[in-house]
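Engineer: following is a predicted model, sequence given first.
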Amino acid sequence: MVLPIAKWVGKVAVVTGIARRVELIEKRAKSCTAKEKLYAVKADITKEEEILKALKWVEDNVGPIHILINSAGVILLKGLTETSTEDMKTTLDLNVLGLSIITREVVKMMQAHKINGHIIHINSTLGHQVISHAFSIYPATKFAVTALTETLRQELNSLGLKIKVTSVSPGLVATEMTTLNKDILPEAKEMFDKIAILQPADVVDAVVYALSTPEHVQVHELTLTGL
């Protein structure tokens, strides 16, 4: 039986990558109800010092973290042989290392405060199967997230911690990085036009489902595709 999401009311959730502009979050915060609070904390997930600073701000000003949703990421729409070393490093730093660093620090925080929290990695179907060469090293970074999810699950179990970890792997989602990208390459657009598209709300629903499960249930992997 799925429990109401209400069990997380009053808890602290950190979501990375939901907007690159602070003013967008601040605007959304104004529409929150009296029981809801939304804070914009600017941080570059590719820089460890900024991650640590942001997490400290959250703990000092809002409280210890109960939910971490790792959704910050970047996708490359080009061939591997056309990708610069700088772009490769940026993709790895954000999609893999940044995710790993913030996850490590949040687990430490949960452990210190004895919190039975939940960590969710926004993965991709490309983290399970490579369907085209047109994504450069992006699938490799998402395959890494798949492995990191299982590695963390095993480690949390070995430590006896009741912290859940879930990988949510959507297919093509309409975002500013994909179908809403004004600078999208013609060949990428042609490929996207052939794929059923998901909406951001579909991914949100999957996250809410994972968060709503009973204490003894852990959703390890959720895969979403369009019809």
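Structural biologist: In hand now; what should we look at?
Engineer: what are the ranges of the strands in the protein?
Structural biologist: Assigned by DSSP state E, the chain shows strands spanning 13-16, 67-70, 118-122, 164-170, 221-224.
Engineer: which one of those strands lies closest to residue 52?
Structural biologist: Among those, the nearest to residue 52 by CB to CB is strand 13-16 (13.1 Å). (Glycine included, C-beta is placed from N, CA and C.)
Engineer: I'd like the distance from that closest one to the chain centre, please.
Structural biologist: Distance of strand 13-16 from the chain centroid (CA atoms, centre = their mean, to the nearest Å) equals 8 Å.
Engineer: what is that strand packed up against?
Structural biologist: Applying 3 or more CB pairs under 8 Å, 6 or more residues apart in numbering; DSSP states H and E, we find strand 13-16 packed against strand 67-70.
Engineer: so what strands line up beside the strand it packs on?
Structural biologist: strand 13-16 (parallel), strand 118-122 (parallel) (DSSP bridges).
Engineer: can you show me the CA trace of that strand as PDB?
Structural biologist: What follows is strand 67-70, C-alpha atoms only, in PDB (Å, rounded to 0.1, in the frame of the first residue of the first chain):
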ATOM      1  CA  ILE A  67      15.200  14.300   1.100                       C
ATOM      2  CA  LEU A  68      17.800  14.800  -1.600                       C
ATOM      3  CA  ILE A  69      16.700  14.800  -5.300                       C
ATOM      4  CA  ASN A  70      19.700  14.900  -7.600                       C
END
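Engineer: quick one: contacts of that strand?
Structural biologist: Strand 67-70 is contacted from outside by 8, 11-17, 99, 102-103, 106, 117-122, 207, 211, using CB atoms under 8 Å, 6 or more residues apart in numbering.
Engineer: mind running it again at 7 Å?
Structural biologist: Applying CB atoms under 7 Å, 6 or more residues apart in numbering, the external contacts of strand 67-70 come out as 8, 11, 13-16, 99, 102-103, 106, 117-122, 207, 211.
Engineer: what's the answer for stretch 72-79, then?
Structural biologist: Residues outside stretch 72-79 that contact it (CB under 7 Å, 6+ apart) are 16-17, 45, 83, 87, 90-91, 94-95, 98, 122, 133-138, 177-178, 184-185, 188.
Engineer: give the buried subset of those as a ChimeraX selection command.
Structural biologist: Burial among the contacts of stretch 72-79 is assessed by 16 or more other CB atoms under 10 Å; the matching ChimeraX selection reads:
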select :16,17,45,83,91,94,95,98,122,134,135,136,137,138,178,184,188
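Engineer: worst-scoring helix or strand of the protein, pLDDT-wise?
Structural biologist: Lowest on mean pLDDT, DSSP states H and E among the helices and strands of the chain sits helix 186-192, with a mean of 70.
Engineer: endpoints of stretch 93-104, how far apart?
Structural biologist: Length of stretch 93-104, first residue to last, CA to CA, to the nearest Å: 15 Å.
Engineer: ok, residues contacting that stretch?
Structural biologist: Counting by CB under 7 Å, 6+ apart, 16, 45-46, 48, 51, 68, 70, 72-74, 119, 121, 141-142, 144-145, 148, 152 sit against stretch 93-104.
Engineer: where do the helices of the chain begin and end?
Structural biologist: 22-29, 48-61, 85-92, 99-112, 138-158, 186-192, 200-212 (DSSP state H).
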